[in-house]
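Chemist: Here's my sequence, what's the structure:
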Amino acid sequence: MNPKVLIIDDDVKLNELLTKFLGDFGFSAISAVLPSKGFKLLEKENPEIIILDIMLPEMDGFEVCRTIRKSSNIPIIMLTARGELTDKVVGLE
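Modeler: Numbering: from 1, shown residues only. As a prediction, the model looks like this:
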């Protein structure tokens with residue numbers, strides 16, 4: 001069975017590109033454009049890793065990450081165009 005990746009990003013085109021790219025390398029990708037849907041997919045699909053955007057509707061990616069961390073140690077890759085040092089430190093916390 002292919003490793004499953006959950007993508008939470010509000011950019012539909014980027015989700016499609018990542019899904020195709022990851023599929024080319026043997027990953028099975030599922031995606032959500034809203035954090036609320038991402039939480040449901042996380043619970044239902046049990047992915048091995050999450051790719052998480054920082055700038056999201058409903059709540060930012062940092063809050064999504066904190067919420068996930070309350071119940072899971074799943075690896076999370078933060079995906080963002082933001083490059084400020086503060087953003088990097090908060091993401092690593």
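Chemist: Enumerate every residue touching residue 1.
Modeler: residue 28 (Cβ atoms under 8 Å, 6 or more residues apart in numbering). (Each C-beta comes from the backbone N, C-alpha and C, glycine too.)
Chemist: OK, contacts around the residue nearest to residue 23 when sequence neighbours are not counted?
Modeler: Excluding the flanking residues, the one nearest residue 23 by Cβ to Cβ, 6 or more residues apart in numbering is residue 29, at 6.4 Å. Residue 29 is in contact with 4, 5, 6, 7, 18, 19, 22, 23, counting by Cβ under 8 Å, 6+ apart.
Chemist: Any buried residues in whichever helix or strand the last one is part of, and which?
Modeler: Following DSSP states H and E, one finds residue 23 within helix 12-24. Judged by neighbour count (16 or more other Cβ atoms under 10 Å), helix 12-24 contains these buried residues: 14, 15, 18, 19, 22.
Chemist: quick one: secondary structure of the residue lying closest to the second one once chain neighbours are set aside?
Modeler: Pointing back at residue 15 there. If the residues on either side of it in the chain are set aside, residue 15 comes closest to residue 31, at 4.0 Å by Cβ to Cβ, 6+ apart. For residue 31, the secondary-structure state derived from DSSP: H, G, I helix; E, B strand; the rest coil is strand.
Chemist: Report the beta-bridge partners for residue 31.
Modeler: residue 7 (DSSP bridges).
Chemist: Pull the contacting residues for it.
Modeler: 6, 7, 8, 9, 15, 18, 19.
Chemist: now, among those residues, which is nearest to residue 53?
Modeler: residue 9 (4.0 Å; Cβ to Cβ).
Chemist: Pull up the gap between the residue most central in space within the chain and residue 19, please.
Modeler: Nearest to the mean C-alpha position of the chain, by Cα atoms, centre = their mean, lies residue 52 at 2.6 Å. Counting by Cβ to Cβ, to the nearest Å, the gap from residue 52 to residue 19 is 15 Å.
Chemist: now swap in residue 41 and tell me
Modeler: The separation that residue 41 has from residue 19, given Cβ to Cβ, amounts to 13 Å.
Chemist: same check, this time on residue 43
Modeler: Distance from residue 43 to residue 19, by Cβ to Cβ: 20 Å.
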